[in-house]
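Colleague: Pasting the sequence and the predicted model now:
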Amino acid sequence: MGAALCSVLGLAQSGPGPIRPLRTAPVETLTVNPGFRDWGPAAIAGTTILAGNQTGDGGTFAIDTLTGKVRWAHRPNFSSGTGSVSTPPAVSGNIVVVPYAMAYPGAVVGLSLATGKELWRGHDPARDAAVAVSAGLAYVLDKNGSFYALDAATGRERWKVALSGRAGCASQPIVSDETIYLTGSGDATPGDPTKRAGNYLFALDAKSGQERWRYRAEAPYVYDGVCLRQPVVTADTVFAAGDHYLYAVNRATGRDRWKPVEVRRTVVGRERPVEVHGLVDAGAVLVGLTSAYLIAFDKNSGQTTWEIAGKFREASPSLAVAGNVLYFQGSPDSKPASSSSGTLYALDLDSHSILWSFSRPTREPNWSFGQVTPVDGGLWVDSYQALVKLQ
């Protein structure tokens, strides 16, 4: 059984212009294997792909996307725990910011993009908290529940906001138009009954950290607010999924754009509420999956526009979009695989037809693919003991 390697955040690729999708059956052209089993989510900066190791001693690796050779490796050498990386590194200019969150204590570390040399070491990030970068600042939630803006070049603190000392919802920040959108837990604001303790989607000013609004996703029997997964930020809306519902939040006001949509499907002969995983922006629709369906949701209403039945692995959806092509992992009923793990598909978003499927032999059969990172005319995707390039 494959490890759950996917991040709730989409991967970023630097460089101008759209990414040309991979529409024809791929060939594995490069294979990177530094000797460990699990890769974490990746980010791309020019001709370098950056990813961390989730198992063993951990570490961060920079790989040449043209040759597949490891340019450098960084291991943080913590006194206890491992240097595991479970969310993507972030790149700000010539600095790579890596959240080593699994060590006790861990640290956010700034590395040279060219050499991997450690330049600074900062706060201990919360487990599964991602780092976002924008305009020379790096943003991250620490284990004590404070959200920080750090100078990406030096690690110096610019500002911080105390959100909550309680363990709970992991931070998933996205920066857009000088606003940070993040999921996380918040303490109650005395005298304000609309801001009780619980889980929220926050909008903060990226320059000062001042709160613009907070949104509490409600659902039956969820008393602390839903911890939203897979936030997707568009021009005017933040979309997210959690606890059987799909949410759409107005970026300007922090209010519902439309009433949260409960997602229900037939499970073992009965219609039941189901969780949506791996939500991605696919142009006119959002796409996510459940254990039995790949589903496209209309952005204007949250209603289903099309779906594909099959068997899908919620822990490793491997959903990504390039152009009019959707990549996903599973076993659709129309073109079934031997297992819902270990087979990657490409789907034409206009015709909803499957363009190709790909699997590779692994030491443990049907090992799940992890995060898919589209590049021009190809993909990087992690597999068992390997990071592979498909073209």
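Modeller: Thanks, I have it.
Colleague: So Val238 sits against Val232, correct?
Modeller: Yes - Val238 is within contact range of Val232, at 7.1 Å (criterion: Cβ atoms under 8 Å). All C-beta atoms are positioned from the backbone trio N, CA, C, and that covers glycine.
Colleague: So if I had to pick from these two, which one is more boxed in?
Modeller: Neighbour comparison, Val238 and Val232: the larger count goes to Val238, with 24 against 21 (by other Cβ atoms under 10 Å).
Colleague: give me every residue that touches the residue lying closest to Asp224 once chain neighbours are set aside.
Modeller: Nearest residue to Asp224 in three dimensions, chain neighbours excluded: Gly198, at 4.1 Å (Cβ to Cβ, 6 or more residues apart in numbering). Residues in contact with Gly198 (Cβ atoms under 8 Å, 6 or more residues apart in numbering) are 185-186, 216, 223-225.
Colleague: so which pair among these is furthest apart in space?
Modeller: Spanning the widest gap among those are Gly186 and Tyr223, at 14.4 Å by Cβ to Cβ.
Colleague: Which one's more surrounded, these two?
Modeller: Under the criterion of other Cβ under 10 Å, the comparison of Gly186 against Tyr223 puts Gly186 first, with 24 against 9.
Colleague: so how far is Ser339 from the more buried one?
Modeller: As judged by Cβ to Cβ, to the nearest Å, Gly186 and Ser339 stand 41 Å apart.
Colleague: got it, and Gly56?
Modeller: In terms of Cβ to Cβ, Gly56 sits 26 Å off from Ser339.
Colleague: Can you pick out the residue with more neighbours from the two?
Modeller: Comparing Gly56 with Ser339 by other Cβ under 10 Å, the one with more neighbours is Ser339, at 17 against 14.
Colleague: Mind pulling up the pLDDT for Phe312?
Modeller: In this model, Phe312 is scored at 95, pLDDT.
Colleague: same question, the one 10 residues further on
Modeller: The predicted local distance difference test score for Ala322 is 97.
Colleague: So what sits opposite it in the bridge?
Modeller: On the basis of DSSP bridges, Ala322 is bridged to Val325.
Colleague: Repeat that for Asn53.
Modeller: Using DSSP bridges, the bridge partners assigned to Asn53 are Trp39.
Colleague: What about it, how many residues nearby?
Modeller: Other residues near Asn53 come to 23 when the count uses other Cβ under 10 Å.
Colleague: and it, what is it in contact with?
Modeller: So Asn53 contacts 34, 36, 38-40, 59-61, 83-85 (Cβ under 8 Å, 6+ apart).
Colleague: Could you pick out the buried ones from the residues you listed?
Modeller: Using 16 or more other Cβ atoms under 10 Å as the burial test, the contacts of Asn53 include 38-40, 59-61, 83-85 as buried.
Colleague: Out of those, flag the one nearest to Pro365.
Modeller: Asp38 (16.7 Å).
Colleague: The closest one and Thr55 touch, don't they?
Modeller: Yes - Asp38 lies in contact with Thr55 (Cβ under 8 Å); the separation is 4.6 Å.
Colleague: residues near Ser301, how many?
Modeller: Burial of Ser301 is recorded as 13 neighbouring residues (other Cβ under 10 Å).
Colleague: Got phi/psi on the closest residue to it other than its chain neighbours?
Modeller: Spatially, and ignoring its direct neighbours in sequence, Ser301 is nearest to Trp258 (5.9 Å; Cβ to Cβ, 6+ apart). Trp258 adopts backbone torsions of phi -140, psi 160, taken as degrees, to the nearest 10.
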